[in-house]
Every structure is written in C-alpha cells, then in structure tokens.
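K.L.:
Fold the following, please.
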Amino acid sequence: MLARVWKIGAFSQKPVSTDDAGVAGVGSNRDAGGSYDITLEALGGALGLKDSETEGHSKRVAAFTIAIARAMGLTQDRVRVIARGAFLHDVGMLAISDAILRKPGPLSPEEQAIMQQHALLGYKMLRKLRFPFESADIVYSHQERFDGSGYPRGLKWDQIPLGARIVAIAEAFDTMTSAHPYRTAQSISSARGEIERQLGKQFDPEIVAVFLSLAENIWQELRNEIEAQFAQKR
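P.N.:
Got it, this is the predicted structure:
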C-alpha cells in the first residue's frame with residue numbers, strides 16, 4: 001500500500017519498488033523495514049474496514065507529505081520514515097467509537113475531546129508494535145500547532161517533530177479540499193490561501209513556503225491518482 005502511495009509522490013524521482021520500501025534507521029535493516037510495512041499494510045486495511053473515508057484521507061495525506069518532503073530536499077530514507085507516520089497519522093481512530101467517527105454533523109465538545117485522544121492512542125498503539133519512534137512521534141504530534149496552541153502536548157516551533165510539521169500542512173490541505181457531509185470542498189487555490197494565512201500560527205512558515213512553491217496542478221494529480229486506486233478496488 002505505502003509503496004503505491006510512494007510511487008504516486010514520485011514526480012521527479014523514479015518509483016520505488018516494494019523491495020526498496022524499508023527504512024534505514026538506527027539499528028534497522030531492510031528486513032526490519034519490510035516488517036514495518038507489513039504492519040502498515042495491516043493497519044491501513046483495518047482503517048479501511050473501519051471507515052473508507054479515513055483510509056482515503058490517509059493515503060492522500062501520505063502522498064501530499066511525500067511531495068512536500070521531497071521539495072524540501074530531505075533524503076529518501078528520511079522521506080520514507082515520514083511517509084509511514086503520515087499514512088498512519090489517524091491510526092488512533094481505530095480506538096474511537098463509530099458513533100463519533102461517523103457522526104454526520106459537527107461534534108459536541110465532549111465528542112471533540114474524545115476525538116482529540118486519537119493522537120495519543122495512535123502513538124501508544126505503534127509503540128506497542130515497536131514501530132520506529134520517529135514515525136510514531138509524527139502520529140503523536142501531528143495535531144500540534146506552530147504557535148503552541150495545538151494538542152495533546154502544546155508543543156511549539158521546533159519542539160514539534162519536522163515530519164509532524166509537514167503532515168500538519170498535508171492533512172489540513174486534504175481536509176479543506178475534500179467534501180464532508182456538513183461542508184463542501186474548497187478549491188485548491190482557496191485552501192492554499194488559508195494555509196498561507198495560518199503561516200506562523202498553525203503552520204511552520206518555512207514549510208508553508210515550500211508548499212506554496214509547488215504548482216497547483218501537482219495536488220490535483222495526486223488526488224486523481226489516489227481516487228484511481230479506489231476505483232480499481234471497487
């Protein structure tokens with residue numbers, strides 16, 4: 001699954017084969033990377049069974065994250081680690097009840113508080129599975145805000161892991177450009193403008209600059225590729 005998303009993000013680099021999907025990290029090797037991706041496939045499948053919209057969102061966020069990370073000039077190995085965290089950023093949703101997850105309208109304050117637990121729940125889940133810390137920490141930190149007003153720990157600036165700062169932009173962008181039961185999708189141009197307005201507040205200014213430097217058509221191409229994947233599954 002991640003290997004396919006990885007290929008979608010490869011506009012300027014050759015696609016990466018499934019055999020190359022491992023991540024080189026401290027004390028890791030290709031076999032370890034392969035086992036992480038097997039776990040990722042299983043968790044991704046569980047997300048799809050729980051909620052197909054969450055699965056599609058996760059794939060798009062991973063693809064958007066890869067595009068931004070590559071544009072930042074991060075190494076291929078680093079991008080792979082961040083991509084894993086991006087794809088699994090909402091894995092804690094597996095522990096949230098369907099009554100809340102599939103509610104058609106806005107959540108109550110109590111329900112919002114429960115939903116906000118997904119970052120910590122996802123982190124704990126991945127650490128129990130001995131998932132690489134950097135990927136798990138992205139799951140834990142993707143709802144933090146650059147100005148410190150996010151959750152669950154109120155981190156700010158470079159206290160927030162780099163991967164989580166990238167994922168925060170990718171996730172917000174996908175959320176704004178996707179249709180929901182209680183709101184219509186924004187245009188890519190409008191969403192880009194909103195992200196620019198949140199520069200220094202919700203998002204890291206330097207990463208926002210990289211995001212805005214990428215052509216608008218890239219994001220639509222990525223979205224189309226993910227939608228094509230789902231069409232093949234049906």
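K.L.:
Lys59: how many residues sit nearby?
P.N.:
With neighbours defined by other CB atoms under 10 Å, the count for Lys59 comes to 27. Just so you know, the C-beta spots here come from the backbone N, C-alpha and C atoms, and that holds for glycine as well.
K.L.:
Next SSE downstream of the host helix or strand of it?
P.N.:
Assigned by DSSP states H and E, Lys59 belongs to helix 52-71. For helix 52-71, the following helix or strand on the C-terminal side (DSSP H and E) is helix 76-87.
K.L.:
Report the buried residues of that next one.
P.N.:
Buried residues in helix 76-87, counting neighbours by 16 or more other CB atoms under 10 Å, are found at Arg78, Val79, Arg80, Val81, Ile82, Ala83, Arg84, Gly85, Ala86, Phe87.
K.L.:
Looking at the residues you listed, which is nearest Ala42?
P.N.:
Relative to Ala42, the closest of these is Phe87; by CB to CB it sits at 12.3 Å.
K.L.:
How confident was the prediction at the closest residue to the closest one other than its chain neighbours?
P.N.:
Nearest non-adjacent residue to Phe87, counting by CB to CB, 6 or more residues apart in numbering: Ala62, 4.0 Å away. Looking at Ala62, its pLDDT reads 92.
K.L.:
which non-adjacent residue is nearest the spatially most central residue of the chain?
P.N.:
Nearest to the mean C-alpha position of the chain, counting by CA atoms, centre = their mean, stands Ala86 at 3.0 Å. In space, and not counting its chain neighbours, Ala86 is closest to Thr65: 3.8 Å by CB to CB, 6+ apart.
K.L.:
what does Ser190 give?
P.N.:
Using CB to CB, 6+ apart and skipping residues adjacent in sequence, the residue nearest Ser190 is Met176, 7.5 Å away.
K.L.:
hang on, isn't that neighbour packed against Ser189?
P.N.:
No. Contact criterion CB atoms under 8 Å: Met176 and Ser189 do not qualify, at 11.0 Å.
K.L.:
more crowded one of those two?
P.N.:
Neighbour comparison, Met176 and Ser189: the larger count goes to Met176, with 19 against 10 (by other CB under 10 Å).
K.L.:
Quick one: low-confidence residue ranges for this structure.
P.N.:
1-37, 48-55, 233-234 (pLDDT under 70).
K.L.:
now do 80
P.N.:
Along the chain, segments meeting pLDDT under 80 span 1-55, 104-105, 180-183, 229-234.
K.L.:
For this structure, just list every one of the helices.
P.N.:
All helices of the chain, identified by DSSP state H, fall at 2-8, 30-50, 52-71, 76-87, 98-101, 109-115, 118-128, 133-141, 162-176, 188-197, 205-213, 216-233.
K.L.:
in the shortest one, what's buried?
P.N.:
Under the neighbour-count criterion of 16+ other CB under 10 Å, helix 98-101 has Leu101 buried.
K.L.:
Kindly report the same for the third one.
P.N.:
Buried residues in helix 52-71, counted by 16+ other CB under 10 Å: 53-71.
K.L.:
thinking again about what came up before, can I get the helices of the chain in TSV with distance to Arg153?
P.N.:
Output for the helices of the chain, formatted as TSV (distance: least, CB to CB, whole Å):
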stretch	distance to Arg153
helix 2-8	27
helix 30-50	23
helix 52-71	21
helix 76-87	16
helix 98-101	22
helix 109-115	15
helix 118-128	9
helix 133-141	7
helix 162-176	11
helix 188-197	23
helix 205-213	19
helix 216-233	30
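K.L.:
For Asp147, find the nearest of these.
P.N.:
Closest to Asp147 of the helices of the chain, according to CB to CB: helix 205-213, at 11.0 Å.
K.L.:
Figure out how far the closest one is from the centre of its chain.
P.N.:
Its chain's C-alpha centre and that of helix 205-213 lie 17 Å apart, by CA atoms, centre = their mean, to the nearest Å.
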